[in-house]
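Q: this one's structure only:
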């Protein structure tokens, strides 16, 4: 096996193939190409409306970035949408804008720590722990806001926040790219990032080589919480009010972006760049569909179908299905042979 | 780390040879049997201290509200026990079934409506089941995707409008029907519990589901066709969701695409609080029924006491985490 690989590496094609096989962003790139071609044919105006696409990208992709770091560890966070709503409400409830933003960020950190406590210390599956938090935090947002949108005291700051700074770049888009850069460097260029991949790839091995697994898990949950809180802050600033029901579609969109981007839910495989590409493909698709006057319902059908295809076209899923199919065919063939019906089996 | 014995691994609690401390035994007892005690305590407490709980209209109201969500939870127990987390698409399934039940029966009569709803349920079950069982995709994401597609199709075809059943029609009379003081929907809930409980406890299929939930590899090696098994679990969930849609539509005599929002996690909450383990393998339909009763009674009390919707959500969230924490701690204790 290793011999084959070394001979392959000597040729240029072989080397390219090894590099490609290691990358996980294949599906995101494929979807991006398809979406770009569709856009070029039907709505070429998309390519001249960068601000719209970028705004949509920052909307869909921000929470997905934080989630990606956590999924790489092999954990899930279903509470991101509720964290977004709660931190927005907390921020708007504090009269001073600066203090409010700090309070919202602290909310994100605390939520991350609580999630981490249940997963790391108590030992609950992260899916269930964050499911409980999904209810509890949403409920807390309702209680604090008295089930009404909370208006921001300082509306001017919100309006200023929505306008663009440099060309098409609004503060939201800039923040998105800053967080992207920070996480990209953290995960691909630092020791902590490598340890994230190790913990997600094989937790027992990570413990055995002395990686502080618990601390990495805590960091992962805090990243996810803080990024969700940041999205809550941005939403509140742009709307100049905090809506306790905000972010209900964020959960699906973030998971969709990460999975289309090739992040494997069991952990250890995937990149932040993949998530960015996945989010970009989804946002271009949404803009194209909106510009062509497609209803929101039908957009949902598109995105749901793409997510379904993305999850079952995962290489390991395809391999499993193929092995199963072959086993089923062999089984039916042997059964037919026993009955003396080989001719029929060969026809299949 | 001792390996679990066969009986343990299929969810039957075997007498352990190791001596547990008193505290450990209490936690284990709470994890195994606690829900029964808690439910009884809650009902007795409510009957004595909460004004307006122990009245016939209130209790039948509890039943009316518990029935649809309970039927969904009963079916979804199969997916949870097979260690596939949950089926999020019940939100779309219940709403689709309700809209078909009223919308189509207004146009073409009751029989075609029921057949169409059944067809839709089978499609949901097969798509979810094949993706999870044969492609080994994560059930949460698969059912999230089918929810989006399903709700999209439903809103697109129904135009998002509300469908009303004819006044005094069959559907309305079914929804208001009572046997003695007990609403018909509560009887449907109990009949479903008996049938599904039998399937899970007494049939080969049910046994395979439980053993698959505790050890996937071993079950496959034992010659069980695990792909078909998972499809079966998702089919049971969709059929239950279809029945729940009928019950829900009949109760209010209306149907709209958003009527089942929150059913996914509420059903899961009832299942978990009942003591079915989300790690798979351990649990039963009767536990889910108890969980449903517990959550419905609790919600009813919170409403009667005057707590807001937000506070109720907080209570349910905390309850989920506490219930699962007890399960997790009990597992750790048994392991050591």
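A: Yes, it's here. Note that the structure is predicted; figures quoted are calculated from it, not measured. Numbering: from 1, shown residues only, chains lettered A, B, ... in the order given.

Q: avg pLDDT for stretch A:27-38?
A: Across stretch A:27-38, pLDDT averages out at 87.

Q: likewise stretch B:313-320?
A: Mean predicted confidence for stretch B:313-320 is 86.

Q: do you know how far the residue sitting nearest the centre point of chain B is from residue A:193?
A: Centroid check for chain B by C-alpha atoms, centre = their mean gives residue B:73 as the closest residue, at 0.6 Å. Residue B:73 sits 41 Å away from residue A:193, taking C-beta to C-beta, to the nearest Å as the criterion. Bear in mind the C-beta positions are built from the backbone N, C-alpha and C, glycine included.

Q: same question for residue A:209.
A: Distance from residue A:209 to residue A:193, by C-beta to C-beta: 16 Å.

Q: then residue B:284?
A: 44 Å.

Q: which element is the residue of the stretch 151-300 of chain B found nearest chain A on?
A: Per C-beta to the nearest C-beta, residue B:152 is where the stretch 151-300 of chain B lies closest to chain A, at 3.5 Å. Applying DSSP states H and E as the criterion places residue B:152 in helix B:139-158.

Q: for the record, mean pLDDT for that helix?
A: Mean predicted confidence for helix B:139-158 is 91.

Q: so the nearest residue to residue A:270 once chain neighbours are set aside: helix, strand or coil?
A: Setting aside the residues directly before and after it, residue A:270 is nearest to residue A:263 in space (C-beta to C-beta, 6 or more residues apart in numbering or on different chains), at 3.0 Å. Judged by DSSP: H, G, I helix; E, B strand; the rest coil, the three-state class of residue A:263 is coil.

Q: residues near residue A:263, how many?
A: The burial count assigned to residue A:263 is 28, neighbours taken as other C-beta atoms under 10 Å in any protein chain shown.

Q: for the stretch 51-200 of chain A, what spans make up the strands?
A: A:150-151 (DSSP state E, counting those that start in this stretch).

Q: following the helix or strand of chain B with the lowest mean pLDDT, which helix or strand comes up?
A: When each helix and strand of chain B is scored by mean pLDDT, DSSP states H and E, helix B:6-9 comes last, with a mean of 49. Remark: after helix B:6-9, the chain's next helix or strand is helix B:22-49, criterion DSSP H and E.

Q: and chain A, is that following helix touching that?
A: No: contact of helix B:22-49 with chain A (C-beta under 8 Å from any C-beta of the partner chain) is absent, the minimum separation being 12.4 Å.

Q: dump the residue contacts of the residue in the stretch 201-348 of chain A that chain B sits nearest to.
A: Closest contact between the stretch 201-348 of chain A and chain B, by C-beta to the nearest C-beta, is at residue A:304 (3.0 Å). Shown in contact with residue A:304 (C-beta atoms under 8 Å, 6 or more residues apart in numbering or on different chains): B:145-150, B:152.

Q: including neighbour count, could the residues you listed go into CSV?
A: Below are the contacts of residue A:304 laid out as CSV (neighbours: other C-beta atoms under 10 Å in any protein chain shown):
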residue, neighbour count
B:145, 30
B:146, 25
B:147, 22
B:148, 28
B:149, 22
B:150, 26
B:152, 23
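
Q: give the buried residues for stretch A:177-197.
A: Residues A:177, A:179-180, A:183-184, A:186-187, A:193, A:195-197 are the ones in stretch A:177-197 that count as buried (16 or more other C-beta atoms under 10 Å in any protein chain shown).

Q: good, we can wrap up now.
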